[in-house]
Structure formats: C-alpha cells, structure tokens
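>>> Could you work out the structure for the sequence below:
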Amino acid sequence: MGSLGLTFLILGCVLSGKWWALLLFLFYGFTPVPLLFAQRSEYETLGEGESDKSMDIAIFFVAGMVVSTFALPILLTSVPLENPGMTTTNCFLAEFATVLFYTTAGLFLVVSDEEEY
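Okay, here's the model as predicted:
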C-alpha cells in the first residue's frame with residue numbers, strides 16, 4: 001500500500017507538471033519522530049491514574065502533523081489564485097496517497113504490537 005501511495009503521489013506530480021506535492025515526504029518522515037522521542041523518555045508515572053505527559057504531547061504533535069499533511073495539498077490548490085501550486089487532480093492524488101501512507105503506517109503499528117503465541 002505504501003508503494004501504491006508513492007505511485008499516486010508521483011503520478012499526480014507528473015500529470016500536472018508541478019512538484020510541490022513532494023513536500024509531503026517531509027511530513028511523512030517527521031510524523032513518527034515525536035512518538036519515538038516519547039517512547040525513549042525514562043519518566044515514570046507519578047501516581048495511579050496519571051498518564052505520561054511526554055506521550056500526550058507527542059500524540060498532540062503527531063495529530064498536528066497528520067492534519068497538516070491533509071491540509072497542505074488543499075492549501076496549495078487554492079493559493080495563489082492566478083497560478084495555484086497544484087492542480088485539482090494533483091490534490092486528489094496527493095490526498096489519496098496520504099490516506100494510503102497513513103493506513104500502511106497504522107496497520108504496521110497494529111501488527112507490530114500483537115503478541116506472538
């Protein structure tokens with residue numbers, strides 16, 4: 001699914017001739033970074049019912065990155081009005097590629113967390 005997402009992203013860039021959609025790779029690459037830092041933190045919970053604050057902050061940043069990844073193609077489609085950075089077709093293909101990338105990452109996390117019996 002990740003390769004299919006990459007194909008749709010490249011296809012959208014080739015069809016429109018505008019390569020701004022490749023900026024999404026920065027978002028794809030940096031999205032898991034806050035979670036990696038939060039998992040490495042050595043803080044213990046202070047009491048019963050309290051959660052790890054670093055994990056909460058990391059989830060907040062990851063959610064912001066995911067929303068930004070979906071918002072960037074829409075923004076580039078509408079700005080500037082005279083010569084937009086992306087065409088509508090490129091935007092749809094980039095959004096579909098984003099769905100495929102994040103679905104692949106989510107499925108990977110689900111499968112990697114399962115215990116082997």
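
>>> List the buried residues in stretch 80-99.
84-87, 90-91, 93-95, 97-98 (16 or more other Cβ atoms under 10 Å). C-beta here means a position set from N, CA and C on the backbone, and glycine is covered the same way.

>>> Contact partners for the nearest residue to residue 96 once chain neighbours are set aside?
Nearest non-adjacent residue to residue 96, counting by Cβ to Cβ, 6 or more residues apart in numbering: residue 8, 5.4 Å away. Residue 8 makes contact with 93-94, 96-97, 100, according to Cβ atoms under 8 Å, 6 or more residues apart in numbering.

>>> Mind doing that once more with 6 Å?
93, 96-97 (Cβ atoms under 6 Å, 6 or more residues apart in numbering).

>>> would CSV of those residues with pLDDT and secondary structure be doable?
Putting the contacts of residue 8 into CSV (pLDDT from 0 to 100; DSSP: H, G, I helix; E, B strand; the rest coil) gives the following:
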residue, pLDDT, secondary structure
93, 91, helix
96, 94, helix
97, 93, helix
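
>>> Just give me the closest of those to residue 3.
Nearest to residue 3, judged by Cβ to Cβ, of the contacts of residue 8 is residue 97 at 10.6 Å.

>>> surely that closest one meets residue 10?
No - with contact defined as Cβ atoms under 6 Å, residue 97 does not reach residue 10; the gap is 8.7 Å.

>>> could you dump the helix or strand bottoming out on mean pLDDT in the chain to PDB, C-alpha only?
Using mean pLDDT, DSSP states H and E, helix 33-40 stands out as the lowest-scoring helix or strand of the chain, at a mean of 83. Output of helix 33-40 as PDB, limited to C-alpha atoms (Å, rounded to 0.1, in the frame of the first residue of the first chain):
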ATOM      1  CA  VAL A  33       9.500  11.400  15.400                       C
ATOM      2  CA  PRO A  34       7.700  12.800  18.400                       C
ATOM      3  CA  LEU A  35       6.500   9.300  19.300                       C
ATOM      4  CA  LEU A  36      10.000   7.900  19.100                       C
ATOM      5  CA  PHE A  37      11.200  10.600  21.500                       C
ATOM      6  CA  ALA A  38       8.300  10.000  23.900                       C
ATOM      7  CA  GLN A  39       8.900   6.200  23.900                       C
ATOM      8  CA  ARG A  40      12.600   6.800  24.800                       C
END
